[in-house]
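In: curious how this folds, go ahead:
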Amino acid sequence: MNIQQRLVALLLSVLLLPATGMAAVEGHSDIRVATPWPAQNTIIAMLGYGENIVGTSAVAQRIPLFRQIYPGIERVPAIGVTTAHEINPEQVIALKAQLLIIPQNMHLSQPEILAQAGVKTLALQANSIAALRERVTLTAKALGPDAEATAQRYQRYFDHNIALIQQRLEDLPPAGRARVYHSMGSPLKTSGRPSLNQDWMDLSGAVNVAEQWFPAGKRGAAEVPLEKVVTADPEVIVAMNRRDAEIIRESAAWQSTSAVRHHRVYVNPQGLFWWCRETSEEAIQILWLAKTLYPQRFADIDMVEETHDFYQNFFGISLSAQQIAGILEP
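Out: Predicted coordinates for the structure are as follows:
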């Protein structure tokens, strides 16, 4: 049987689902969601549909906290994505998914087959705070009214943190803003403007030393020469993971930077996903960074308490002290 024949067979199996199953879809509560987008799993979970994920990402499955809170994620099939960012529709149909969420740069082979099988596809934008917040809203709209109510609360929380940071830093002159370098998965990988990283640094009152290092309009991260970073002499370095932070702290080549000399190399928090990436946890990332950069201006902000309340309010989970420590110091 060739691929076209297999797709037709899968399509027929979906179309022949019992009527009761189709009624549940219309009510949203039992909608089956699939996404190969790692951080999107966290957004779905925040909106109350973590248990509805029927196709996921191998990256999401490896996140310790995600595995603790949603242990079933280990048994959810990981959706295969080729090096060309292409998804095989046959696998999505076999999962009996009813909603597929992908980034816009991902290619769908034969999307009409998915549509005929009753799979609604959301192709959403990425790599900016605006795109992230829109993604929360559009995902919630696809999931149903209960998810939309959570999304609205989330947007209010995001706005609250932005306003709080702006108010605390209102009188801070440009010359007084911390110069920050962010490493993304390797010590010399970073991004400039425009990018999601640039946006959360802007909102936190940071100056991204890599802001102008890339061609105008270029999105995405790239490797940069070590000499460029050393010359920029960042006052603070935020590493996406502990391995990179340790390399930066211990390597002789980095010792001349102000961040290393003054022990201001930090590991970015990681919860259900890395706070600095395409996750709904971005709303608390900006508060964490603002307090990290300007501790005196945010002396009353307790990140342990903030972290506990964030996950309680938006994920319905009460984290232990050990779990919170694992998030803030991954």
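
In: which parts of the stretch 51-200 of the chain are strands?
Out: Taking DSSP state E, counting those that start in this stretch as the criterion, the stretch 51-200 of the chain carries its strands at 53-55, 86-87, 99-103, 107-108, 120-124, 179-183, 189-190.

In: comparing the ones you listed, which gets the lowest mean pLDDT score?
Out: In terms of mean pLDDT, the lowest-scoring of the strands of the stretch 51-200 of the chain is strand 107-108 (a mean of 84).

In: can you list the strands that it pairs with?
Out: strand 86-87 (parallel) (DSSP bridges).

In: centre of the chain to the partner strand, how far?
Out: Distance of strand 86-87 from its chain centroid, counting by Cα atoms, centre = their mean, to the nearest Å, is 20 Å.

In: kindly report the same for stretch 290-299.
Out: On Cα atoms, centre = their mean, the centre of stretch 290-299 falls 24 Å from the chain's centre.

In: identify each buried residue in it, please.
Out: By neighbour count, and taking 16 or more other Cβ atoms under 10 Å as the criterion, the buried residues in stretch 290-299 are 290-294, 297-298. (Glycine included, C-beta is placed from N, CA and C.)

In: show residues contacting it.
Out: Residues outside stretch 290-299 that contact it (Cβ atoms under 8 Å, 6 or more residues apart in numbering) are 165, 168-169, 172, 178, 180, 204-206, 236, 238, 266, 287, 301, 303.

In: show me what contacts the closest residue to residue 330 other than its chain neighbours?
Out: Spatial nearest neighbour of residue 330, excluding adjacent residues (Cβ to Cβ, 6 or more residues apart in numbering): residue 270 at 4.2 Å. Counting by Cβ under 8 Å, 6+ apart, residue 270 makes contact with 63, 65, 241, 327, 330.

In: can you pick out the most distant pair from those?
Out: Between any two of the contacts of residue 270, the greatest separation by Cβ to Cβ is 14.5 Å, found for 65 and 241.

In: neighbour count: the two, which is higher?
Out: Neighbour count, other Cβ atoms under 10 Å: between residue 65 and residue 241, residue 65 has more, with 20 against 16.

In: I'd say that one and residue 327 touch.
Out: Yes - with contact defined as Cβ atoms under 8 Å, residue 65 reaches residue 327; the gap is 6.8 Å.

In: I'd like to know which of the strands of the stretch 51-200 of the chain lies nearest to residue 38.
Out: Comparing those by Cβ to Cβ, strand 99-103 comes nearest, at 10.4 Å.

In: no more questions from me, cheers.
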